[in-house]
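> Turn this into a structure:
(2 chains)
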2 protein chains.
Amino acid sequence: MFRFLRVNMATKTCAFEEIPQEYAGLGGRALTSTIVAREVPPTCTPIGPHNKLVFAPGLLGATNSPNTNRLSVGCKSPLTEGIKESNAGGQPGGHLARLGILAVIVENMAEEGSWWQLEVGKDRARLIPAEVAGLNNFAAVEKLVEKHGKECSYITIGRAGEFRLTAASIACTDRELRPMRHAGRGGVGAVMGSKGLKAIIVNPEGGKSQPLADAKAFREASKRFAKALAEHPITSKGLAEYGTAVLVNILHEAGGLPTANFTVGQFDKHEAVSGEYMNKITKERGGEGVVAHGCMSGCMIRCSGILPDKKGKFQSKWPEYETLWCFGPHSGIADLDAISRYDYMCDDIGLDTIDVGVAVGVAMAGGGIPYGDAKAVLDAMNGISEGTPLGRVIGCGAATTGRVFGVRRVPVVKGQSLPAYDPRAVKGQGVTYATTPMGADHTAGYAVTSNILNSGGTVDPLKKEGQIELSRNLQVATASVDSVGLCLFTAFAILDVPDALPAVVDMLNAKFDWRLTGEDVVTLGQRVLSTEIDFNRRAGITQAADILPEFFMDEKLPPHNTTFDITHEELKTVFNWIKPFQS
Amino acid sequence: MFRFLRVNMATKTCAFEEIPQEYAGLGGRALTSTIVAREVPPTCTPIGPHNKLVFAPGLLGATNSPNTNRLSVGCKSPLTEGIKESNAGGQPGGHLARLGILAVIVENMAEEGSWWQLEVGKDRARLIPAEVAGLNNFAAVEKLVEKHGKECSYITIGRAGEFRLTAASIACTDRELRPMRHAGRGGVGAVMGSKGLKAIIVNPEGGKSQPLADAKAFREASKRFAKALAEHPITSKGLAEYGTAVLVNILHEAGGLPTANFTVGQFDKHEAVSGEYMNKITKERGGEGVVAHGCMSGCMIRCSGILPDKKGKFQSKWPEYETLWCFGPHSGIADLDAISRYDYMCDDIGLDTIDVGVAVGVAMAGGGIPYGDAKAVLDAMNGISEGTPLGRVIGCGAATTGRVFGVRRVPVVKGQSLPAYDPRAVKGQGVTYATTPMGADHTAGYAVTSNILNSGGTVDPLKKEGQIELSRNLQVATASVDSVGLCLFTAFAILDVPDALPAVVDMLNAKFDWRLTGEDVVTLGQRVLSTEIDFNRRAGITQAADILPEFFMDEKLPPHNTTFDITHEELKTVFNWIKPFQS
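Prediction:
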């Protein structure tokens, strides 16, 4: 029943394949990274015919357990030139899993300038000329829904992906058919664009929940996992009430909210872009605003509220903390409605909010955009969709923007921009930024948990002690979480509620008739990371790249006046189960 | 008598230093690369305070021997992120050597936004606020000459360097005090700009020719070397009559003239941008035009003619072959006067003609500039000086331009653009592009000699046989030539006239009281390359980066319809005296 769908953009053929034995037991990130590592030549041109784009739901996709329908997207990244896995919520992950498709592998490329859409249903798939070329995501999806209906889900790129910009994302529709859940990081949208693939329409009709080896045991374990999510204050209430924006005030208080391109750790106008304020005006404005909204079927956490405009009309999803941060404190803008507008534009044009928002602040540091000028940012964002030179630069992310504007202090690792936690004040996060094979990525090993939130224990964020081990453990655990299809936010419960991880392991065992232990989950995570690091090594990315930009070591961050003092040699010990890699 | 001059831009101190023993016997590229490798942290930010900018004349600078006054400029490159040596003709190299200064080491950085000039004379040096900030090279030098006089020579950056663009060059004045001899490649001008150093004024007053251990033997060897240059048809006549532009028709005939962004190997309008045509109109227009002009004291080759405009006024130096190629066939422009204008603008704004010209053709491939539109290119070039977004993108070179415009076929290696010889039709050159630690650079191992010009033997340019060895030998020899201060064009005589290399060795021995053999010259070259490759390895550049863009392997080049078929594994054997490097 389970198959791969292999799509050749050059020949326009779609073929279902039995799953080779060596991929058994892999899902989500474990599967995308393994396929990319085996099938993609590591030195290939990321936007060329030899790269492949892989979509894979997680191991627990379509099982009716909570928060397990994420979709992993893998390829060689045109942003980092290394391996990339970026995952998204929304409906397509669950739908593909319901159709028994464990991976869609898109390879080769269509004639340059031609655009195609992939239609996937029960035991069928075909490529036809795209109906929505040139449109941004909202217009594209609206038009596709008119024709293909509301039961389908949609995976699309906007004009940023068509332009092959290296901050282009891939959008997945949420339950209300809005293209607002994005595989954002690493320019995966540029890879989709380079293949000439504008949209994927997933019709779940005739699909079904995935079979369970022991349905009763699975239901029991699933209930225990749901109970853990319901018990933990962050997963049960905090994220629903304030979204991830709950972190604005917390990071400000911690002195780790990077402000004005990482020159200060606090933003005096933090309240204006906080989750508390967003909750308040969402309620006050009413109308189409929603507090506690889930982006995918089975979500119990419901962090993705809807922000209404002053008239109560839909304005955007609640911007994530990282989005609020990069367009806000990082760029000197304290206007929630303006940031909400940029967030909508990123969703529409198909862009990673983080790399674009960081690019905006970097452009400001280089004089390309006036600091704190919300109108100038709006113009620049419009320019991305229009394909102006400035727009394209910003749409390529912070590294390219820094280069074009001659900026010395560019907060990127492996070409990908740092998110919203200053590594000098949240040092565990700095270890993750420096070392993850993904390029700077908070989600790859979210040390904010123990550094700031006292989740999974406490490690002093300002001291170097314990950060290597913290980041290592989190990176390993995350690689597993990303393979199961779990939303990363379940990690709060997994870290703090003793029965949560056993419940996940029991779900896996009950579904697949396995005998996994917690230890095996660690082994899976290590195996995924080893595969990714080996690909990077073959692509020419070595441990020399496992380092933060020097200004984090050179400049003290107010208010704590700390530097990032974990040495390069110490950082090289994170992946201590891998022999030093050679080339 | 011989000293280093160390200039600290932060403290504004200039200090003469005795030369440490470990640097004895090194000059030019050998010296810049050794200093950079020892003193610059390989993972540092190239435009940050930890990078250093080193200027060094060659071992035979200021000896009155022919063509030995080149100046090497070394640093970590902001373009390639690896080590860089770029050398220039003109007068400053000889002047520094006359002052007994074997290296100027510029370190740290001034307050951002402040601009300084370094004044160097006999036993003195100082930094004062720059008199010419904001000016491009011609206006800057004109103003400096008014104050400091015609006996000095000048090293400056234009606005591209001030903007820290990664294709920014460093200009050296020629004998007529025009800033037309550039250390062009790798963004060395951005490094000078990042330090806040706008200009260096070198006053040779009180300096003298370098001492010779055996003056008589030196003079005899020097005469033999001069005789060799006078004998060889290319060094005695070809380059003087037609400049390097003599190659346009030759490469067209060979089918290796990359046209329309490396899609074809011939350009139907090649005659209009040929050396023969340039010679003809220079003579016809008369006026300030010059055929056979030497750029530095002691030049016997005299390749740097002066092109007059239609009224006989100075228009530009004769554009080099590579300049004619990238703005011409590569970009579809067959207008010599237009290209001459771009060449002048590159000299004025301070830009590498190759990376900018290749960027123009890449922007055309990506729709950013209309193909073949000379006026649009002029606007884009003006935009570099004005700092427009498009101008800055082009001014960052082909790699950044390719990324911004989403171009798949970007002809770069290690971020630096390929010059004017298609690697599918001049395969030895392809080996050099792929493997030199400098990023794609024809001068690093100029296989055109044996592939096309039958100089130094003949190796079939279309076949893979012999190319690895050819490139290896040339790269080793070039590393030595670049260390001696010799103009690379002397290599034609060195390759073909049996007494030329012995004469150079005898000059070195007579000057330094050494007992070098030809074999030692090979050892020096290998040592330089080993030092550079080791720096790159520590900077994170591995053999995975020793590869051409995949389209050279995938696409056949008309008219010969050959691909680049030398494998990555074969390329890894070029530096066969170095153990596979590890990280």
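
> name the helices or strands packed onto the helix ranked longest in chain A?
As assigned by DSSP state H, the longest helix anywhere in chain A is helix A:518-539. For helix A:518-539, the packing partners by 3 or more C-beta pairs under 8 Å, 6 or more residues apart in numbering or on different chains; DSSP states H and E come out as helix A:28-39, strand A:83-88, helix A:467-484, helix A:500-512. For the C-beta atoms, the positions are set from N, CA and C on the backbone; glycine is no exception.

> between the ones you listed, which gets nearest to chain B?
strand A:83-88 (13.4 Å; C-beta to the nearest C-beta).

> Tell me which strands the closest one pairs with, and in which orientation.
strand A:71-76 (antiparallel) (DSSP bridges).

> relative to helix A:467-484, how tilted is the strand it pairs with?
Counting by axes from the mean of the first three to the mean of the last three C-alpha atoms, to 10 degrees, strand A:71-76 lies at 110 degrees to helix A:467-484.

> Up against chain B, what does the stretch 1-150 of chain A have?
A:41-45, A:47-50, A:78, A:112 (C-beta under 8 Å from any C-beta of the partner chain).

> Looking at those residues, point me to the pair that's furthest apart.
A:42 and A:112 (23.5 Å; C-beta to C-beta).

> The helix or strand that the longest helix of chain A is followed by and chain B in contact?
Sequence-wise, the next helix or strand downstream of helix A:518-539 (DSSP states H and E) is helix A:551-554. Yes - using C-beta under 8 Å from any C-beta, helix A:551-554 reaches chain B at A:551, A:554.

> Quick check: residue A:289 touching residue A:283?
Yes - the pair formed by residue A:289 and residue A:283 meets the contact definition of C-beta atoms under 8 Å, at 7.2 Å.

> Looking at the two, which one has more neighbours?
Higher neighbour count among residue A:289 and residue A:283: residue A:289, with 23 against 11, using other C-beta atoms under 10 Å in any protein chain shown.

> Can you tell me, leaving aside adjacent residues, what's nearest to the more buried one?
Leaving aside its chain neighbours, residue A:289 sits nearest to residue A:308 (3.7 Å; criterion: C-beta to C-beta, 6 or more residues apart in numbering or on different chains).

> Dig out what that neighbour forms beta bridges with.
Those that pair with residue A:308 in a beta bridge, by DSSP bridges, are residue A:314.

> which SS class is the residue in chain A sticking out farthest from the centre?
Computed with C-alpha atoms, centre = their mean, the residue of chain A farthest from its C-alpha average is residue A:216, at 33.0 Å. Three-state assignment for residue A:216 (DSSP: H, G, I helix; E, B strand; the rest coil): helix.

> ok, now which ones touch it?
By C-beta atoms under 8 Å, 6 or more residues apart in numbering or on different chains, residue A:216 lies in contact with nothing.

> packing partners for the one helix or strand residue A:403 maps to?
Here residue A:403 sits within helix A:398-404, counting by DSSP H and E. Contact partners of helix A:398-404 among helices and strands, from 3+ C-beta pairs under 8 Å, 6+ apart: helix A:353-365, helix A:389-395, strand A:412-413, strand A:416-417, helix B:389-395, helix B:398-404.

> Pipe these into TSV and attach mean pLDDT, mean neighbour count and distance to residue B:236 per row.
Below are the helices and strands packed on helix A:398-404 laid out as TSV (pLDDT from 0 to 100; neighbours: other C-beta atoms under 10 Å in any protein chain shown; distance: least, C-beta to C-beta, whole Å):
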stretch	mean pLDDT	mean neighbour count	distance to residue B:236
helix A:353-365	98	31	53
helix A:389-395	98	29	47
strand A:412-413	98	25	52
strand A:416-417	98	32	54
helix B:389-395	98	28	37
helix B:398-404	98	30	35
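
> Out of the ones you listed, flag the one nearest residue B:355.
helix B:398-404 (5.8 Å).

> how much distance is there from stretch A:180-198 to the middle of the chain?
12 Å (C-alpha atoms, centre = their mean, to the nearest Å).

> Quick one: end-to-end distance for that stretch.
16 Å (C-alpha to C-alpha, to the nearest Å).

> go on, stretch A:452-466?
Using C-alpha to C-alpha, first and last residues of stretch A:452-466 are 14 Å apart.

> and that stretch, average pLDDT?
The average pLDDT for stretch A:452-466 rounds to 96.

> Could you tell me how many residues sit around the closest residue to residue A:297 other than its chain neighbours?
Take residue A:297 and drop its neighbours on the chain: the residue closest to it by C-beta to C-beta, 6+ apart is residue A:94, 5.5 Å away. For residue A:94, the count of nearby residues is 30 (other C-beta under 10 Å).

> Check the gap between the residue nearest to residue A:289 and residue B:280 for me.
73 Å (C-beta to C-beta, to the nearest Å).

> ok, back up a step: which one of the helices and strands packed on helix A:518-539 is the most hemmed in?
strand A:83-88 (a mean of 29; mean count of other C-beta atoms under 10 Å in any protein chain shown).

> Run through who's touching it.
Residues contacting strand A:83-88 (C-beta under 8 Å, 6+ apart): A:28-29, A:32-33, A:36-37, A:70-77, A:169-172, A:181-188, A:437-438, A:482, A:532, A:535-536, A:539.

> Following the chain past it, name the next helix or strand.
Counting by DSSP H and E, what follows strand A:83-88 is helix A:92-98.

> Who are the packing partners of that next one?
So helix A:92-98, by 3+ C-beta pairs under 8 Å, 6+ apart, packs with strand A:52-57, strand A:71-76, strand A:153-156, strand A:197-202.

> Check the offset of that helix from the chain's centre.
With C-alpha atoms, centre = their mean, you get 18 Å for helix A:92-98.

> Any idea how far apart the tips of stretch A:100-117 sit?
Terminal-residue distance, stretch A:100-117 (C-alpha to C-alpha): 20 Å.

> and what of stretch A:316-329?
Per C-alpha to C-alpha, stretch A:316-329 runs 19 Å from first to last residue.

> Tell me how chain A divides into domains.
Annotated domains of chain A cover A:3-202, A:244-422 [the TED database].

> Give me the mean pLDDT for the longest one.
Spelled out, that is domain A:3-202. 97.

> I'd like the residues of the stretch 1-150 of chain A next to chain B as JSON lines, with neighbour count and secondary structure appended.
What follows is the residues of the stretch 1-150 of chain A next to chain B, written out as JSON lines (neighbours: other C-beta atoms under 10 Å in any protein chain shown; DSSP: H, G, I helix; E, B strand; the rest coil):
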{"residue": "A:41", "neighbour count": "14", "secondary structure": "coil"}
{"residue": "A:42", "neighbour count": "20", "secondary structure": "coil"}
{"residue": "A:43", "neighbour count": "19", "secondary structure": "coil"}
{"residue": "A:44", "neighbour count": "17", "secondary structure": "coil"}
{"residue": "A:45", "neighbour count": "20", "secondary structure": "coil"}
{"residue": "A:47", "neighbour count": "26", "secondary structure": "coil"}
{"residue": "A:48", "neighbour count": "21", "secondary structure": "coil"}
{"residue": "A:49", "neighbour count": "19", "secondary structure": "coil"}
{"residue": "A:50", "neighbour count": "18", "secondary structure": "coil"}
{"residue": "A:78", "neighbour count": "30", "secondary structure": "coil"}
{"residue": "A:112", "neighbour count": "9", "secondary structure": "coil"}
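
> I am finished for the moment; much appreciated.
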